[in-house]
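J.: Quick one, structure for this:
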Amino acid sequence: MMFRRLLPLAILVSISLGSCEKNEAAEPAAATLLEARWMLTSIDEFPVMASSYSGAARSYIEFAALGNSIVGLGPCNNFSGRFSLGSGQQLQLSTPIPTQTPCPVQTLETRYLANLAQTTRYEISGDDLRLYDGSMATPRLVFRRVAP
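T.: Numbers count the residues shown, from 1 in each chain. Below you'll find the model as predicted:
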């Protein structure tokens, strides 16, 4: 008796899942974005070599598929947020939420976090990740891939 009630539901689920299309072209780029820690190398063409934590700590961003979340380290603070991928190389980032440690390069961090929130697309070329907003032809942020 239970089988007869669940059979129509099972058929409906099978049909629904079978009709889902995958965007095969977008998956490799998205997978590449998610597979690494991206160290910040420049903000608006201004080179960034270290964070204020120490000479060895570098600002970075990581994209996690679980919850479409981002985590990272700015020149002053850790931050977290969310991202969403669109078709092609479209990328939207929420306004990152940083910790609140003041530092001498706070202005640079403010630009970094603002540029993250304005991102509309990304480009990966070799080991470089470039983030663009909708108003400029040059990348606002540039990162270099390193092992996580």
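J.: quick one, strands of this protein?
T.: Using DSSP state E, the strands of the chain run over 37-43, 46-47, 60-64, 69-73, 78-85, 91-93, 97-98, 121-125, 128-132, 141-146.
J.: For the residue nearest to residue 95 when sequence neighbours are not counted, which residues are in contact?
T.: If you skip the residues right next to it in sequence, residue 95 has residue 117 as its closest partner in space, 4.3 Å away by CB to CB, 6 or more residues apart in numbering. C-beta: built from backbone N, CA, C; applies to glycine. With contact taken as CB atoms under 8 Å, 6 or more residues apart in numbering, residue 117 is in contact with 93-96.
J.: related to what we said a few turns ago, okay if I get the strands of the chain as TSV plus mean pLDDT, distance to residue 30 and mean neighbour count?
T.: Converted to TSV, the strands of the chain look like this (pLDDT from 0 to 100; distance: least, CB to CB, whole Å; neighbours: other CB atoms under 10 Å):
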stretch	mean pLDDT	distance to residue 30	mean neighbour count
strand 37-43	94	14	20
strand 46-47	89	28	9
strand 60-64	95	9	19
strand 69-73	95	14	19
strand 78-85	96	5	17
strand 91-93	97	9	19
strand 97-98	96	23	16
strand 121-125	95	10	16
strand 128-132	97	12	19
strand 141-146	94	15	20
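J.: Output the ones you listed as a markdown table; include the columns distance to residue 111.
T.: Output for these, formatted as a markdown table (distance: least, CB to CB, whole Å):
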| stretch | distance to residue 111 |
| --- | --- |
| strand 37-43 | 5 |
| strand 46-47 | 8 |
| strand 60-64 | 15 |
| strand 69-73 | 14 |
| strand 78-85 | 13 |
| strand 91-93 | 14 |
| strand 97-98 | 13 |
| strand 121-125 | 18 |
| strand 128-132 | 13 |
| strand 141-146 | 9 |
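J.: that older thread, whichever of the contacts of residue 117 count as buried, I'd like them selected in PyMOL; how would that read?
T.: PyMOL command restricting those to the buried ones, with burial defined by 16 or more other CB atoms under 10 Å:
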select buried, resi 93+96
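J.: Distance check, the closest residue to residue 143 other than its chain neighbours against residue 102.
T.: Spatially, and ignoring its direct neighbours in sequence, residue 143 is nearest to residue 38 (3.5 Å; CB to CB, 6+ apart). Distance from residue 38 to residue 102, counting by CB to CB, to the nearest Å: 25 Å.
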